[in-house]
Every structure is written in C-alpha cells, then in structure tokens.
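Novice: generate coordinates for the sequence data below:
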Amino acid sequence: MSFDTKYRPMTFDDVLGQSGTIEVIKSFIRKGIGFHHSYMFAGPYGSGKTTLGRITARALLCENPVDGSPCDKCHSCVEILKGESINFVEVDAATNSGKDQIRKILEELQYTTFSGKRRIYLFDESHQLSKDALDAMLKPMEDCVQGSEDKMLVCIFCTTEPEKMRTTILSRCAPAFLIRPMTSEDIAKRLAFVCESEGIDFDLEVLPLIAEFCELHIRDALKAIEGVSMLGKIDRVTANRYLRLDANAQFSDVLGSLKSDPKTSFEVLSNLKNDMSPVACYKKLIEICMSSYHYHIGIPSKSIYWSSDSLSALGDMYGPLLIEFTHYLSSRPSRPTFSMLQCDLAYLHKLANPS
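Specialist: Numbers count the residues shown, from 1 in each chain. As a prediction, this is how the structure comes out:
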C-alpha cells in the first residue's frame with residue numbers, strides 16, 4: 001500500500017492544520033444540527049479536502065458520536081470504513097457531472113426519506129457538476145424532512161475551484177470551509193512520523209525541503225519520501241537524485257546569466273531539458289522571478305528551498321523588470337515546447353538590454 005493511502009488521516013485528530021474548521025464541524029454534531037445544511041470544502045489538490053469530507057460524513061452518520069467525532073465502533077462507522085455503506089455515497093463529479101446521475105440520486109433519496117434512514121453524498125471535484133445537475137439539487141437541499149429541521153438532501157462538496165460553484169448551492173451550505181495551507185514544519189513532522197513507522201533512516205533537516213518542493217501538498221510529500229526511500233537513507237544526496245532539488249540553482253543560473261551571457265543561460269536550460277518538462281521550467285522561472293522581486297521590494301523569502309543570496313542578487317540585477325518577466329512567462333501557451341521557452345528567454349534578454 002502506498003504511503004499516501006496507508007497514512008491517510010482516519011480521524012479528525014489525524015488531520016493537520018485545520019483545527020478551526022474541525023471544531024466548527026464537531027460543534028454542529030454535538031448540537032445535533034449536522035443535517036441542517038450541506039457542506040463545502042475548498043482548497044488545492046492534495047490538501048486533504050476529500051479526506052476531511054469523508055471523516056465529516058462518518059461523524060454525521062455515526063450512531064454514537066464522541067464529542068463530535070465518529071466513534072468508529074458502531075455499525076454505520078464500521079460499514080463506511082469497510083467501504084460497504086449504502087448511506088454514504090461518493091460521486092466523482094469529473095466523470096458523473098450530468099443531470100441523469102443526480103436524477104438517480106434523487107430517486108434513491110425518496111426511499112431513504114421514507115425508510116427514515118439518512119444518506120450523505122460526497123461530490124469530489126464538485127465544480128464540474130453541470131448547471132442542470134445543480135438545479136435539480138436545489139429544492140431537496142432546501143426542503144426539510146417532515147417534522148424536522150434536517151434537510152432532505154445533505155451533500156459534501158469538495159472542490160479546487162470554489163469560485164465556479166453556484167451561489168444558490170453555496171447558500172444552502174454552512175459557511176465554506178477553506179483548507180488552510182500547512183507549514184513545511186508541520187508536514188515535516190508528519191513525514192518524520194511516517195519514516196519512523198516504516199523504519200526508514202532519514203535526516204530531519206531534509207524533510208522540510210521535500211515539503212517545500214511538493215508545494216506543501218501533504219499527499220505529494222508522502223509520495224516523494226516513498227520514492228526517495230527506495231534509494232536508501234533520506235538525505236540530501238538521495239533527495240536530490242530522485243527529486244532534482246539542485247534544479248533551483250540551475251534556474252538561478254538561467255536567469256542570472258540571461259542579461260549579459262545568454263549563451264550560458266541557454267546551455268544551462270539545455271541541461272535541464274533532460275529532466276524537466278517545458279511546463280515545469282516555465283513554472284520554476286515564474287517562481288524565481290516573483291521570489292526575487294519580493295527581495296527587491298524588501299520582503300525576503302522564508303523558503304529554505306531557494307537560495308536567499310541568489311534571490312537577493314537577482315532582485316538587485318533586474319528590479320521592477322521581474323514583474324514584466326513574470327507577466328510574459330505567465331502568458332505561455334497551454335502546451336509549450338522548449339523551442340517556445342528558448343524564444344521567450346531571448347525576448348526577456350532583449351527586455352533586459354533595451355537598445
């Protein structure tokens with residue numbers, strides 16, 4: 001079993017960095033008002049939205065919740081944990097976005113309402129639900145079960161793009177729960193726990209570096225340490241071999257040489273070509289341009305992933321021009337090639353050396 005699956009949080013206590021959100025959810029359950037509305041979890045991919053949604057569903061359906069948390073012992077909890085519950089339905093909206101799928105859900109809803117059993121539907125990538133599908137859900141999300149304030153249809157929406165969710169749907173949910181970014185230190189602690197549990201030798205100072213490389217996505221970080229561990233002890237040598245952590249220094253060289261020595265800049269880029277896609281190269285160049293600009297305006301980066309000396313030097317070299325660099329690189333085509341990237345670097349060289 002892969003690390004990201006094996007060490008997926010199973011309880012609210014396992015979830016990192018979302019204490020405020022969790023306390024509100026537990027309060028709803030303690031007060032017995034968990035079915036008075038639907039829920040929405042929004043955040044970047046790999047941040048734990050769906051995992052938190054699953055734990056929330058388990059707590060809502062739990063027969064004997066403990067201080068707002070699922071007991072994990074009752075019939076409902078056990079069935080959900082085994083993946084055999086008929087009362088918790090997970091829908092991948094990316095592949096089931098149409099009205100026909102929702103019509104089937106509403107037909108099931110009539111039965112569950114009649115039988116007295118409650119059912120919760122979790123929609124992953126919910127922003128991809130069609131307009132017709134969402135329209136069909138509005139009334140049952142608004143109507144209450146007869147003789148109760150519980151809603152007929154309770155949904156958990158998980159999305160990376162909350163701005164695409166319709167306001168009529170959001171108005172039927174509790175205030176949106178935004179998944180807060182975790183710190184590299186928090187993620188490093190979890191990675192250390194995983195390494196210790198798996199008997200993997202590691203250098204503690206490398207783990208925050210891996211967390212930053214994975215842009216603070218816990219799922220990606222778990223995958224990364226699993227891959228690095230295949231090479232032996234998790235240290236800077238093995239992490240660099242697997243993740244190419246030294247690429248940052250090379251991107252600093254690309255940008256640092258661009259103004260006065262474009263030949264060197266293109267040679268370094270050619271070396272990177274063997275290990276990174278054009279999209280990844282664009283992304284790294286944009287990141288270093290903005291980080292260097294922050295140094296230029298007096299906001300030093302707290303990152304351990306980029307060299308502060310390099311960022312400071314690039315900020316002094318290009319100054320406000322870094323904003324133009326970033327804007328131009330950000331307008332790249334959706335499927336760039338290395339030839340396009342070379343052309344763009346040539347243009348940036350021209351911007352840095354106006355005639």
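Novice: looking at this protein, which helix or strand does the model trust least?
Specialist: The helix or strand with the lowest mean pLDDT-type score in the chain, counting by mean pLDDT, DSSP states H and E, is helix 99-115 (a mean of 67).
Novice: after that one, which helix or strand is next?
Specialist: Beyond helix 99-115 in the direction of the C-terminus, DSSP states H and E gives the next helix or strand as strand 120-124.
Novice: that following strand pairs with which strands, parallel or anti?
Specialist: Strand pairing for strand 120-124, determined by DSSP bridges: strand 88-92 (parallel), strand 154-159 (parallel).
Novice: what's in contact with the shortest one?
Specialist: Judged by C-beta atoms under 8 Å, 6 or more residues apart in numbering, the contacts made with strand 88-92 from elsewhere in the structure are 54, 57-58, 61, 80, 101, 105, 108, 119-125. From N, CA and C alone the C-beta is placed, and that goes for glycine too.
Novice: avg pLDDT for that strand?
Specialist: For strand 88-92, mean pLDDT is 87.
Novice: list the buried residues in that strand.
Specialist: By neighbour count with 16 or more other C-beta atoms under 10 Å, strand 88-92 contains the buried residues Phe88, Glu90, Val91.
Novice: could you check how far Glu226 is from Asp344?
Specialist: With distances taken as C-beta to C-beta, to the nearest Å, Glu226 is found 35 Å from Asp344.
Novice: where does the stretch 51-200 of the chain dip in pLDDT?
Specialist: Under the criterion of pLDDT under 70, the regions of the stretch 51-200 of the chain flagged as low confidence span 97-99, 110-117.
Novice: all helices for it, in order.
Specialist: Residue ranges of the helices in the stretch 51-200 of the chain, as given by DSSP state H, counting those that start in this stretch, are 75-81, 99-115, 131-142, 167-170, 184-198.
Novice: quick check: which of those is nearest to Val206?
Specialist: helix 184-198 (8.8 Å; C-beta to C-beta).
Novice: give the other helices and strands that that closest one contacts.
Specialist: Helix 184-198 is packed against helix 206-213, helix 218-229, with contacts defined by 3 or more C-beta pairs under 8 Å, 6 or more residues apart in numbering; DSSP states H and E.
Novice: of those, which is nearest Val66?
Specialist: For the helices and strands packed on helix 184-198, distance to Val66 was read as C-beta to C-beta. The smallest value, 25.2 Å, belongs to helix 218-229.
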